[in-house]
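Colleague: what's the 3D shape of this:
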Amino acid sequence: MSKSVRRAALIIDSIAEGPKTVVELSQMFELHRSTMFRELQSLEEVGYVHRRKSGQYTLGLHLISLSKLAFDNLDLREAAHDHIRRLHKVVGNTVHLAALMESSIVYVDKVEDPNGVRMYSRIGKAVLPYCSGVGKAILADLDEGGRNAVLAGSTWEKFTEHTITSRDALDRELEIVKKQRWAADDREFEDFVNCVAVPIHSSMGVVGALSVTAIRMVQNLPQLKTHLPLMQQTAELISRELG
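Modeller: A predicted model of the protein is given here:
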């Protein structure tokens, strides 16, 4: 990927997290204001960002419409829609659905209690594969080449004392995940959150994963593991629909 394309993608990611001004973005990316302004003008011309009267930039309508089109045509999201909502009614915790999209893992659906604690995750947001339940559930069923592709951009940042920070350590855990057919995030990204996840397959192999996530004070990891049989049953129903 060229440097300019990568920077444009990172600018869009930053704006997706919240409106930004030219000044804020130029400081964030250590660019001169005029250079950042030209970058934003180019993105605005193709409809990927929009400049408000306040001077802040938000995502453009063209990019939003492309995202909606992509998700509307995503077989996994459609096949899983009703199943994960039924699962949520039983378990009550936040349910995530993630898809393997080329060499990335992306959240494509999410069901949570609107009156409960809101999770950091967002539909359309890339998953950190080495410190997430859904990431490890998918990685465990990939061959070495597939794992290499997904992990190529990983920075191995240590978010908590429980975060896996090396490929060797991750590969050892993935062997366990593959045998037991489920993965966990045990305080690895946020020390007050844990989750369990199971893979979803089609005739082409692993295509995604679903997880149940909870604040540790609400349900700890052993309590979440009691949901695994129902989660695996749900994943199997989704797999059947995918064919």
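
Colleague: lowest-confidence helix or strand of this structure?
Modeller: Lowest by mean pLDDT, DSSP states H and E among the helices and strands of the chain is helix 61-72, with a mean of 63.

Colleague: shouldn't H32 be in contact with S26?
Modeller: Yes: with contact defined as CB atoms under 8 Å, H32 reaches S26; the gap is 6.6 Å. Heads up, the C-betas are built off the backbone N, CA and C, glycines and all.

Colleague: which one's more surrounded, these two?
Modeller: For H32 versus S26, the count of surrounding residues by other CB atoms under 10 Å is larger for S26: 19 against 9.

Colleague: if you count contacts, what does the host helix or strand of D109 end up packed against?
Modeller: Secondary structure assignment for D109, by DSSP states H and E: strand 104-111. For strand 104-111, the helices and strands in contact under the criterion 3 or more CB pairs under 8 Å, 6 or more residues apart in numbering; DSSP states H and E are helix 75-91, strand 94-101, helix 133-139.

Colleague: if we use 6 Å, what do you get?
Modeller: Using 3 or more CB pairs under 6 Å, 6 or more residues apart in numbering; DSSP states H and E as the contact criterion, the elements in contact with strand 104-111 are helix 75-91, strand 94-101.

Colleague: reformat these as CSV; add mean pLDDT, mean neighbour count and distance to L128.
Modeller: Output for the helices and strands packed on strand 104-111, formatted as CSV (pLDDT from 0 to 100; neighbours: other CB atoms under 10 Å; distance: least, CB to CB, whole Å):
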stretch, mean pLDDT, mean neighbour count, distance to L128
helix 75-91, 91, 17, 20
strand 94-101, 92, 25, 11
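
Colleague: quick check: T94 touching T213?
Modeller: Yes: T94 is within contact range of T213, at 4.5 Å (criterion: CB atoms under 6 Å).

Colleague: report the contact partners of the most centrally placed residue in the chain.
Modeller: Compute the mean C-alpha point of the chain, and by CA atoms, centre = their mean the closest residue is V127, 3.0 Å away. By CB atoms under 6 Å, 6 or more residues apart in numbering, the contact list for V127 reads A98, I105, V134, G135.
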